[in-house]
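S.K.: could you look at this predicted model? Sequence included:
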Amino acid sequence: MLGIDTNILLRIFLTDLSEGDHTPDQFALVRDAVVGSREPFFVNHVVVVETIWVLRQKLKYSKEIIAGVMTRLLHMSNVMVQDAATVEASLSSFIAYPGDFSEHLIGEINKRNGCRTTLTFDRAASKSPNFSELQR
């Protein structure tokens with residue numbers, strides 16, 4: 001199994017990146033090395049969070065488009081996403097409630113590790129049932 005970094009994962013799903021240091025050759029390299037490979041690949045939580053951040057903040061993709069991209073990732077036969085069920089639940093929470101995906105992932109990880117709630121000062125995140133806003 002090989003790990004995939006964010007810059008590789010983005011090139012699996014995007015045909016053109018308007019930002020960053022890249023060449024068209026990189027897309028061909030990724031296609032040849034990853035998409036057509038028989039070897040499995042691993043995507044960890046940090047890469048998922050970074051990828052969604054780029055799609056949302058830099059490329060201004062809607063939550064619905066991001067959900068589609070991430071659903072494709074979760075169902076790729078040669079890709080193993082770290083704790084895929086947690087990522088999938090976090091994605092559902094991200095779509096349903098305000099806040100960044102990273103907060104929803106934090107809340108879901110904490111919930112799955114026995115936390116009744118996750119305390120936060122983040123008002124947007126506190127709208128999710130996995131969080132409680134800490135206030136006076």
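M.R.: Great, that's in hand.
S.K.: show me the helices in the protein, by range?
M.R.: Under the criterion DSSP state H, helices of the chain are mapped to 6-13, 24-30, 45-53, 63-74, 84-96, 101-112.
S.K.: rank those by pLDDT, which is bottom?
M.R.: Mean pLDDT across these is lowest at helix 24-30; the value there is a mean of 76.
S.K.: quick one: that one to chain centroid distance?
M.R.: 22 Å (CA atoms, centre = their mean, to the nearest Å).
S.K.: and that helix, what does it pack onto?
M.R.: Other elements packing on helix 24-30 under the criterion 3 or more CB pairs under 8 Å, 6 or more residues apart in numbering; DSSP states H and E are helix 6-13. Every residue, glycine included, has its C-beta placed from N, CA and C.
S.K.: tell me the angle the helix it packs on makes with helix 63-74.
M.R.: Put simply, helix 6-13 runs at 100 degrees to helix 63-74, going by axes from the mean of the first three to the mean of the last three CA atoms, to 10 degrees.
S.K.: now do helix 6-13 against helix 45-53, angle only.
M.R.: Using the same axes, to 10 degrees: helix 6-13 against helix 45-53 is 60 degrees.
S.K.: could you list the buried residues of helix 6-13?
M.R.: Of the residues in helix 6-13, 6-12 count as buried by neighbour count, 16 or more other CB atoms under 10 Å.
S.K.: how about the contacts made by residue 93?
M.R.: Contact analysis of residue 93 by CB atoms under 8 Å, 6 or more residues apart in numbering lists 104, 107-108, 128, 130.
S.K.: pull up the gap between the closest residue to residue 86 other than its chain neighbours and residue 32, please.
M.R.: In space, and not counting its chain neighbours, residue 86 is closest to residue 108: 5.2 Å by CB to CB, 6 or more residues apart in numbering. The gap separating residue 108 from residue 32 is 34 Å, by CB to CB, to the nearest Å.
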